[in-house]
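J.: just coords:
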């Protein structure tokens, strides 16, 4: 059984900051001006009781980060390129223009540091809002940490973190993190001895010493976006898994705990953990064992939070609103049970298929194959294959002892996977039996790779290969419920429905990478219409079609009608089919374009505090 969620991919959650945001290269004039009560009226606190209260206040605009300087709350308004300063009564006492797209705030004990997502810079502000300096860093800086006279910066769209002079902003050193060109280092935390960096795109958390040396790499789960140290353990928010992971001081993953959907940040207030969840609009209080004790329901789009020593403050990413949470240690709403819906493997296996020809395409409820003018059609309930000629007449009938799961034609022979008999069968194109080869697992889908046949076993969570003479090679544990397989000319890919991932493996098996996609990926396709080619993924659970680079980076997400179950390539189109509506839908294979591949497309909503 497989967990079904409606969580949309991380980079579509906060759509308001796409394209509507702009940055200016002109000099920015700073202001320290109180917002008038006429335009931003404070909402008066009311109904104070013994229980926790969520009190809303109006602020300058929609917000993406919040920081406390010891006396005031500071808020980053991404789309307006403004920082607000708010007193502890919720009154805005200053607004300050900064360089474009401020996304992260960090107070170092004296100065407020601002990271700008679409520019490779950080700004240093005095507490009067004056910009003291603007300093170069890597692409899309985020997390910031002070170590004496040094400032460390995590660069979200680069493969390194920077150490700069706190005084002059001079870059003192750059330290590589992650294993690829853009691992996505954004969230960063210090435990008193070492730095922890979350690499969002590579699904890793790395521990570094203050010499910049990576001393440990951990894989806690998919899409780590927030880190928090509670004095003994590190907590990691795994946004697409709707959970938080506990990592002990040895770097061991002790446990993983479910939280309301769409968690964005975890915070330790000295006694408890708090998690803010965008999708369900919840603020949850947890004990240090990861158990949800209670929650507060907020409206809008709660995104990030801060603690002032007594109260919690939560910003809204969809409305110009700030919440102050008072009496936070008292009684909260009883937490709702986390709903779980499941797909069965039998349901997924029963989905129909698209069959393409030079003339067009059609849907088939069973595995089908076109060879010349003939159609090979599997009739599962009769355990046989029939060959239908161009006149629609049934010709040869081939009896299958076990279960026909897939069949492919290599130009000379037809190969059939039979998971029930743990074998792969070989036939001539006219239906004559040639051979049956026993394999070690239950083959469900096959793919030709050079002179070999690679095959997945859905129920064994494995990938293997054999020569066309029947010699079986290595077996790789590839991911949960691999349902589809393809070869892109260099790598073998599988879609793993239970894990919500696609896997990419080299032909020697030496390098295996997994990339997070949508809910229940059932089909994958390689297109080679531009660039180095792309991987398309159909996610049955959340009705999306994703376009990835061959290195796992998401370029586009297309929303499909509910129930879409297969995809195919026809001319310059990507075709999907929905058995519920019996309709095909086409998408241009060019969608996304070169501009996205050249990293001109930026989406700050991939990251959070």
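T.: Great, that's in hand. Keep in mind that what you see is a predicted model, and the values were worked out from it rather than measured. Numbering: from 1, shown residues only.
J.: you'd agree residue 90 is up against residue 322?
T.: Yes. Counting by Cβ atoms under 8 Å, residue 90 touches residue 322, with 6.7 Å between them. Backbone N, C-alpha and C define where each C-beta goes, glycine included.
J.: more crowded one of those two?
T.: The residue with more neighbours, out of residue 90 and residue 322, is residue 322; 24 against 20, by other Cβ atoms under 10 Å.
J.: for that one, give me its contacts.
T.: Applying Cβ atoms under 8 Å, 6 or more residues apart in numbering to residue 322 gives the contacts 56-59, 63, 66, 73, 75, 86, 90, 313-316.
J.: also residue 316?
T.: Per Cβ under 8 Å, 6+ apart, neighbours of residue 316: 62, 63, 298, 300, 301, 302, 303, 322, 323.
J.: ditto for residue 575
T.: For residue 575, the contact set (Cβ under 8 Å, 6+ apart) comprises 354, 356, 361, 567, 568, 569, 584, 585, 586.
J.: most surrounded residue in these?
T.: When neighbours are taken as other Cβ under 10 Å, the top entry among these is residue 567 (23 neighbours).
J.: tell me which element it falls in.
T.: Using DSSP states H and E, residue 567 falls within strand 566-570.
J.: who are the packing partners of that strand?
T.: Here strand 566-570 touches strand 353-356, strand 361-364, strand 521-527, strand 534-539, strand 573-578, going by 3 or more Cβ pairs under 8 Å, 6 or more residues apart in numbering; DSSP states H and E.
J.: sheet-wise, list the partners of the very next helix or strand once past the second one with their directions.
T.: Note on strand 361-364: by DSSP H and E, the next helix or strand toward the C-terminus is strand 368-371. Strands that pair with strand 368-371, judged by DSSP bridges, come out as strand 374-379 (antiparallel).
J.: buried residues in the partner strand, which are they?
T.: 374, 375, 376, 377, 378 (16 or more other Cβ atoms under 10 Å).
J.: try stretch 316-335
T.: Buried residues in stretch 316-335 (16+ other Cβ under 10 Å): 316-326, 328, 332, 335.
J.: then stretch 437-451?
T.: 437, 439, 441, 442, 443, 444, 445, 446, 447, 449.
J.: for stretch 227-240, same thing?
T.: By neighbour count on 16+ other Cβ under 10 Å, the buried set for stretch 227-240 is 227, 228, 229, 230, 233, 234, 235, 236, 237, 238, 239, 240.
J.: all strands of the stretch 451-600 of the chain, in order?
T.: 452-457, 462-467, 472-477, 482-487, 492-496, 501-505, 512-516, 521-527, 534-539, 544-549, 554-559, 566-570, 573-578, 583-588 (DSSP state E, counting those that start in this stretch).
J.: so which of the ones you listed comes closest to residue 411?
T.: strand 452-457 (13.3 Å; Cβ to Cβ).
J.: returning to what we had before: got a PyMOL select line for the buried ones in the contacts of residue 322?
T.: A single PyMOL command is used to select the members of these judged buried by 16+ other Cβ under 10 Å:
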select buried, resi 56+57+58+59+63+66+73+75+86+90+313+314+315+316
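J.: could you dump the contacts of residue 322 to JSON lines with pLDDT and distance to residue 562?
T.: Below are the contacts of residue 322 laid out as JSON lines (pLDDT from 0 to 100; distance: Cβ to Cβ, whole Å):
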{"residue": "56", "pLDDT": "94", "distance to residue 562": "35"}
{"residue": "57", "pLDDT": "94", "distance to residue 562": "39"}
{"residue": "58", "pLDDT": "93", "distance to residue 562": "38"}
{"residue": "59", "pLDDT": "93", "distance to residue 562": "37"}
{"residue": "63", "pLDDT": "93", "distance to residue 562": "33"}
{"residue": "66", "pLDDT": "95", "distance to residue 562": "37"}
{"residue": "73", "pLDDT": "96", "distance to residue 562": "42"}
{"residue": "75", "pLDDT": "96", "distance to residue 562": "38"}
{"residue": "86", "pLDDT": "96", "distance to residue 562": "43"}
{"residue": "90", "pLDDT": "94", "distance to residue 562": "42"}
{"residue": "313", "pLDDT": "96", "distance to residue 562": "38"}
{"residue": "314", "pLDDT": "96", "distance to residue 562": "33"}
{"residue": "315", "pLDDT": "95", "distance to residue 562": "33"}
{"residue": "316", "pLDDT": "92", "distance to residue 562": "29"}
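J.: which parts of the stretch 1-150 of the chain are strands?
T.: Using DSSP E, counting those that start in this stretch, strands in the stretch 1-150 of the chain cover 2-4, 53-58, 65-68, 73-77, 82-86, 92-97, 102-107, 112-116, 121-125, 131-136, 141-147, 150-155.
J.: nearest to residue 244, out of those strands?
T.: Per Cβ to Cβ, nearest to residue 244 of these: strand 2-4, 16.5 Å.
J.: spit out the contact partners of residue 349.
T.: residue 458.
J.: please report how far it lies from residue 483.
T.: 8 Å (Cβ to Cβ, to the nearest Å).
J.: between the two, what contacts are shared?
T.: residue 458.
J.: name whatever forms a beta bridge with residue 472.
T.: With DSSP bridges applied, residue 472 shows beta-bridge pairing to residue 466.
J.: correct me, but it touches residue 454?
T.: No. In this structure, residue 472 is not within contact of residue 454 by Cβ under 8 Å, at 11.3 Å.
J.: those two: who's more crowded?
T.: When residue 472 and residue 454 are compared for neighbours, residue 454 comes out ahead with 24 against 17, by other Cβ under 10 Å.
J.: just for the stretch 1-150 of the chain, where's the confidence low?
T.: Across the stretch 1-150 of the chain, the stretches falling below the confidence threshold (pLDDT under 70) are 1-50.
J.: and what of the stretch 251-400 of the chain?
T.: 338-343.
J.: now stretch 86-103: buried residues?
T.: Neighbour counts over stretch 86-103 (16+ other Cβ under 10 Å) mark 86, 90, 92-103 as buried.
J.: is it true that residue 129 touches residue 96?
T.: Yes. With contact defined as Cβ under 8 Å, residue 129 reaches residue 96; the gap is 3.7 Å.
J.: residue contacts, residue 253?
T.: Here residue 253 is in contact with 218, 220, 245, 246, 247 (Cβ under 8 Å, 6+ apart).
J.: the residue nearest to the second one when sequence neighbours are not counted pairs with what?
T.: Of all residues not flanking residue 220 in the chain, residue 245 sits nearest, at 4.0 Å (Cβ to Cβ, 6 or more residues apart in numbering). According to DSSP bridges, the residues that bridge with residue 245 are residue 236, residue 256.
J.: returning to that earlier point: could you dump the strands of the stretch 1-150 of the chain into JSON lines and include distance to residue 505?
T.: Formatted as JSON lines, the strands of the stretch 1-150 of the chain follow (distance: least, Cβ to Cβ, whole Å):
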{"stretch": "strand 2-4", "distance to residue 505": "22"}
{"stretch": "strand 53-58", "distance to residue 505": "48"}
{"stretch": "strand 65-68", "distance to residue 505": "38"}
{"stretch": "strand 73-77", "distance to residue 505": "41"}
{"stretch": "strand 82-86", "distance to residue 505": "46"}
{"stretch": "strand 92-97", "distance to residue 505": "50"}
{"stretch": "strand 102-107", "distance to residue 505": "35"}
{"stretch": "strand 112-116", "distance to residue 505": "36"}
{"stretch": "strand 121-125", "distance to residue 505": "39"}
{"stretch": "strand 131-136", "distance to residue 505": "38"}
{"stretch": "strand 141-147", "distance to residue 505": "31"}
{"stretch": "strand 150-155", "distance to residue 505": "29"}
